[in-house]
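Asks: Got a predicted structure plus its sequence, pasted below:
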Amino acid sequence: MTQQPFFERLSHGLKEFYVAPYRRTFARARRDEDDLFMLLVFSEALGVPNPAAWYTLELMPELYERFHDWHLRMGMEHSPLDHIGCC
């Protein structure tokens, strides 16, 4: 078993020292970006005009699995879309 060089361990330790306090903030920012992306992709189906609907249409099947968690986070008890029966 080989040991990591001193500078690699120091670099890893410093990175953890500076990143650890902000890990929750980074996770929340990523979740907010994902929520906005979901809204963009499903906006046409929700009745909001979307000029990029043609391009986002092919992404819908990829996001169906996460749709249930998204609409619950947005405060909707049941799926607002008739063709997605997740609840």
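Replies: Done, it's in. Residues are numbered from 1 along each chain as shown.

Asks: only C-alpha atoms for contact and neighbour calcs from this point on.
Replies: Noted.

Asks: element containing the residue most central in space within the chain, please.
Replies: Closest residue to the average C-alpha location of the chain: Asp34 at 3.0 Å, with C-alpha atoms, centre = their mean. Following DSSP states H and E, one finds Asp34 within helix 23-46.

Asks: helices or strands up against that helix?
Replies: When contacts are defined as 3 or more C-alpha pairs under 8 Å, 6 or more residues apart in numbering; DSSP states H and E, helix 23-46 packs onto helix 53-56, helix 60-73.

Asks: mind listing what's buried in it?
Replies: Using 16 or more other C-alpha atoms under 10 Å as the test for burial, helix 23-46 gives 35, 38-45.

Asks: Let me have the residues you listed in TSV, adding pLDDT and distance to Arg73 as columns.
Replies: Converted to TSV, the buried residues of helix 23-46 look like this (pLDDT from 0 to 100; distance: C-alpha to C-alpha, whole Å):
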residue	pLDDT	distance to Arg73
Asp35	91	9
Met38	90	12
Leu39	88	12
Leu40	88	16
Val41	88	16
Phe42	86	15
Ser43	87	16
Glu44	85	19
Ala45	81	18
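
Asks: Dump stretch 54-68 to CSV, restricted to CA.
Replies: Taking Å, rounded to 0.1, in the frame of the first residue of the first chain, the C-alpha atoms of stretch 54-68 are listed here in CSV:
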residue,chain,number,x,y,z
TRP,A,54,-39.4,22.2,-29.7
TYR,A,55,-35.8,21.7,-28.3
THR,A,56,-36.9,20.7,-24.8
LEU,A,57,-39.5,18.2,-26.0
GLU,A,58,-37.0,15.4,-26.4
LEU,A,59,-35.7,15.9,-22.8
MET,A,60,-39.1,15.1,-21.2
PRO,A,61,-38.7,11.3,-21.2
GLU,A,62,-35.4,11.7,-19.4
LEU,A,63,-36.9,13.8,-16.7
TYR,A,64,-40.1,11.8,-16.0
GLU,A,65,-38.5,9.9,-13.2
ARG,A,66,-37.7,13.1,-11.3
PHE,A,67,-41.0,14.8,-12.0
HIS,A,68,-42.8,13.5,-8.9
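
Asks: No further queries at this time; thank you.
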